[in-house]
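> Build me a model from this:
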Amino acid sequence: MKLISETVEDVNYLIEDDDTGKKNYRIRGPFLQAEIKNRNGRIYPMNILEKEVHRYNKEYIQKNRAFGELGHPDGPTVNLERVSHMITALTPDGTNFIGEAKVMDTPYGKIVKNLIDEGAKLGVSSRGMGSLVPSRGAQVVKDDFYLATAADIVADPSAPNAFVEGIMEGKEWVWDNGAVKEMDIENYKKELNKKYQRAQAREEKAIEIFENFMSRF
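Numbers count the residues shown, from 1 in each chain. Just a heads-up that it's a prediction; the model follows:
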């Protein structure tokens, strides 16, 4: 499966004061979009996103475990040291899924708050894993899609998709005993070739010994 990242710029910032005068920062907007060819040339079928959003809500949002990071992570797993916000809602609205995230008081969350206070324009970027198949003049996401996080906060939402694809070029992500691990395709192929060559050499040696044995009769 490939790492898949999509970016949305149309998000709103909500800043509210609580009873103690502390500012609470929230980000709200369409985190995920289905049935439309996005800027990266990909289409997410609605039934696939619905299934994944349902799982994500149940396993992460409802258990206060739906975290996101600041910046462009280079893998599908969430690094707790870089967490800046917690996604608190993800609900359908037509073919969009409207998300809301609470900016946390973590080191990276404080950076986000400062950026908002200074008037920075931020966007959100979803992160997941899945396979793609060419169809309808686009790359359609298949039903093995797995949503890792509904929103990372990014400062360069207009960055070309080559940014993520360049980092992940030649990489695959695989499940290994319940954990997601990176696998370098080329190294994996080389290792398989080595094993094949060793097995072939053993087979050729066995044939040579057998022929040598038979030649004695």
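
> all helices in this structure, in order from the N-terminus.
Assigned by DSSP state H, the helices in the chain fall at 46-59, 107-117, 162-168, 185-214.

> Which one of the ones you listed has the poorest average confidence?
Lowest mean pLDDT within those: helix 162-168, at a mean of 35.

> what's the spacing between Y25 and L70?
As judged by C-beta to C-beta, to the nearest Å, Y25 and L70 stand 13 Å apart. Any C-beta I mention is one placed from the backbone N, CA and C, and that applies to glycine too.

> Identify the contacts common to those two.
Shared contacts of Y25 and L70 (C-beta atoms under 8 Å, 6 or more residues apart in numbering): V112.

> so what's the backbone phi/psi at I36?
Dihedral angles phi and psi of I36 (degrees, to the nearest 10) take the values phi -140, psi 140.

> Tell me how far it lies from A150.
Plainly put, I36 is 17 Å away from A150 if you go by C-beta to C-beta.

> Looking at those two, which has the bigger crowd around it?
Neighbour totals were compared for I36 and A150, and A150 leads with 27 against 11 (other C-beta atoms under 10 Å).

> Now do the same contact list for the more buried one.
Per C-beta under 8 Å, 6+ apart, neighbours of A150: 31-32, 53, 56, 66, 68, 87, 90, 97, 99, 126.

> Could you chop this structure up by domain?
When the chain is parsed with automatic domain parsing, its domains come out as 2-169, 172-217.

> Looking at those, which one is packed in the most?
domain 2-169 (a mean of 17; mean count of other C-beta atoms under 10 Å).

> Please state the offset of that one from the chain centre?
Between the centre of domain 2-169 and the centre of its chain there are 9 Å (C-alpha atoms, centre = their mean, to the nearest Å).

> what's the pLDDT at V154?
V154 carries a pLDDT value of 87.

> so who does it touch?
When contacts are counted by C-beta under 8 Å, 6+ apart, V154 touches 7, 71-72, 122-125.

> just N12 next, same as before
N12 sits next to 27-29 when contact means C-beta under 8 Å, 6+ apart.

> Now with 10 Å, please.
Contact analysis of N12 by C-beta atoms under 10 Å, 6 or more residues apart in numbering lists 26-29, 100.

> Pick out the lowest-pLDDT one from those.
Among the contacts of N12, G29 has the weakest pLDDT, 88.
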